[in-house]
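> Here's my sequence, what's the structure:
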Amino acid sequence: MAKRNEDELAIGEDSFMDTIANLVGIMIILVVIVGAKGYDAARALAREEAHDQIQQLQSPTSQAENLDRDLDDQLEELEKYEIETAYRNAERLTLVDRKTLIDQEIRKRLAQLDQDAQEAFEVEAQAKALERDLEKLIRSQGDLPEVQKQVIALQHLPTPMAKTVFGKELHVMLRDHQLTVIPWDLLVDQLKSSARATASRNSQRDKFEDVLGPIDGFLMRYRLISKSGLMSDGRVAAMGKMVELERFELEPTGEVLRESIQESLAAQGRLRGELDSSRSSHTTVTVWVYPESFAEFRMLKELLYKEGYLCAARPLPRDMRIGASPQGSSSTAQ
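Below you'll find the predicted structure:
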């Protein structure tokens with residue numbers, strides 16, 4: 001009996017231990033499940049906070065990009081406006097010159113009329129002028145006398161019709177109310193020799209750029225392009241490669257000589273020296289003029305006309321460089 005009781009007691013202890021073990025296992029499983037759900041919730045909350053922060057950071061960035069685009073559009077519109085203003089000023093100068101030509105033609109035709117017809121025309125003109133004066137006097141009766149108005153004289157240059165420049169051409173720049181002679185021929189000669197060396201260094205490229213100078217305070221930035229195709233020397237045609245100029249631009253440095261119109265045309269002035277060295281009255285002075293210097297251009301044109309020199313205008317907007325290309329147009333002189 002004693003042994004049987006011991007066996008039953010051992011069996012009961014085993015069952016109790018199994019129950020405790022099961023309870024501990026169940027508690028561990030519950031802890032794992034609760035921890036996993038808490039981890040998933042924490043990850044979801046972290047993702048939401050990170051997404052909100054990214055959106056908050058992206059909003060100022062997109063606003064800055066929109067502002068940059070608006071600024072670029074405004075700068076483009078401003079550049080178009082400056083170009084349009086420059087060309088409208090050039091048109092105005094052309095219209096003034098055309099009016100001068102019309103006045104000359106009227107005087108020429110009046111001179112061709114016979115004496116009687118001319119006298120009759122002048123009498124009729126005087127009669128109409130007197131009638132206008134009489135009407136003014138009638139309308140002004142009882143009114144106070146008008147203050148004498150200042151007379152503004154418009155000076156017109158009797159220039160010939162415009163024609164394309166093909167002869168000797170001297171280039172100058174009018175900027176900030178001052179004149180600078182451009183060493184155009186020296187820069188072009190230097191370009192011819194420099195372009196060969198640049199082409200040999202970049203023989204494997206289709207397009208390349210380089211800078212030369214400064215010469216008399218001007219830098220020349222030029223771009224060359226390489227073309228391949230069928231070429232002929234007049235006798236034999238073969239595939240070959242050719243390098244040609246696409247465009248060049250001139251950039252003035254702080255070393256350029258700037259003079260007023262009077263200083264430049266004085267005995268020791270730079271423009272006077274260039275005109276004297278050309279020794280030809282058929283030299284055309286091409287003026288690259290910026291918007292603020294149109295008044296100086298009119299003065300220069302008048303002074304050059306008195307000396308028998310032709311003058312061609314090249315109006316430019318404020319921020320555009322002086323430049324040329326093989327596809328560009330020739331200057332038009334008057």
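> which stretches of the stretch 51-200 of the chain form strands?
For the stretch 51-200 of the chain, strands defined by DSSP state E, counting those that start in this stretch occupy the ranges 163-164, 169-175, 178-181.
> Switch those strands over to JSON lines; also include mean neighbour count and mean pLDDT.
Every residue, glycine included, has its C-beta placed from N, CA and C. Rendered in JSON lines, the data for the strands of the stretch 51-200 of the chain read as follows (neighbours: other Cβ atoms under 10 Å; pLDDT from 0 to 100):
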{"stretch": "strand 163-164", "mean neighbour count": "12", "mean pLDDT": "48"}
{"stretch": "strand 169-175", "mean neighbour count": "22", "mean pLDDT": "87"}
{"stretch": "strand 178-181", "mean neighbour count": "22", "mean pLDDT": "88"}
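> Nearest approach to Tyr81 belongs to which of those?
Set against Tyr81 and scored by Cβ to Cβ, those come closest in strand 169-175, at 19.0 Å.
> taking the mean pLDDT, what do you get for the lengthiest helix in the chain?
With residue count as the measure and DSSP state H as the assignment, the chain has helix 2-112 as its longest helix. Within the predicted structure, the mean pLDDT of helix 2-112 is 77.
> Go ahead and measure how far that helix is from the middle of the chain.
In terms of Cα atoms, centre = their mean, to the nearest Å, the gap separating the centre of helix 2-112 from the centre of its chain is 35 Å.
> rewinding a little: of the strands of the stretch 51-200 of the chain, which approaches Val289 most closely?
Of all the strands of the stretch 51-200 of the chain, it is strand 169-175 that lies closest to Val289, at 4.4 Å by Cβ to Cβ.
> Tell me the gap between the closest one and the middle of its chain.
Going by Cα atoms, centre = their mean, where strand 169-175 is centred and where its chain is centred differ by 18 Å.
> Paired strands for that strand, with orientation please.
Here strand 169-175 has these sheet partners by DSSP bridges: strand 178-181 (antiparallel), strand 284-289 (parallel).
> Could you save those strands as TSV and add columns showing distance to Asp70?
Formatted as TSV, the entries for the strands paired with strand 169-175 read as follows, by distance: least, Cβ to Cβ, whole Å:
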stretch	distance to Asp70
strand 178-181	36
strand 284-289	32
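> Which among these is found nearest to Ala21?
Closest approach to Ala21 among those (Cβ to Cβ): strand 284-289, 100.1 Å.
> Summarise which helices and strands whichever helix or strand comes after the closest one is packed against.
Tracing the chain past strand 284-289, the next element assigned as helix or strand by DSSP states H and E is helix 294-306. Secondary-structure packing of helix 294-306 (3 or more Cβ pairs under 8 Å, 6 or more residues apart in numbering; DSSP states H and E): helix 2-112, strand 169-175, strand 178-181, helix 261-265, strand 284-289, strand 310-315.
> now the last one against helix 294-306, angle please.
Taking axes from the mean of the first three to the mean of the last three Cα atoms, to 10 degrees, one finds that strand 310-315 is oriented at 160 degrees with respect to helix 294-306.
> What of the fifth one?
Orientation note: strand 284-289 sits at an angle of 170 degrees relative to helix 294-306 (the same axes, to 10 degrees).
> got a list of contacts for strand 284-289?
Contacts to strand 284-289, defined as Cβ atoms under 8 Å, 6 or more residues apart in numbering, come from residues 165, 167-175, 182, 271, 275, 296-297, 300-301, 304, 309-316, 322, 331, 333.
> Leu45: which of the strands paired with strand 169-175 is closest?
With Cβ to Cβ as the yardstick, what comes closest out of those is strand 284-289 (67.4 Å).
> pLDDT on the closest one, on average?
With pLDDT averaged residue by residue, strand 284-289 scores 88.
> All set now, cheers.
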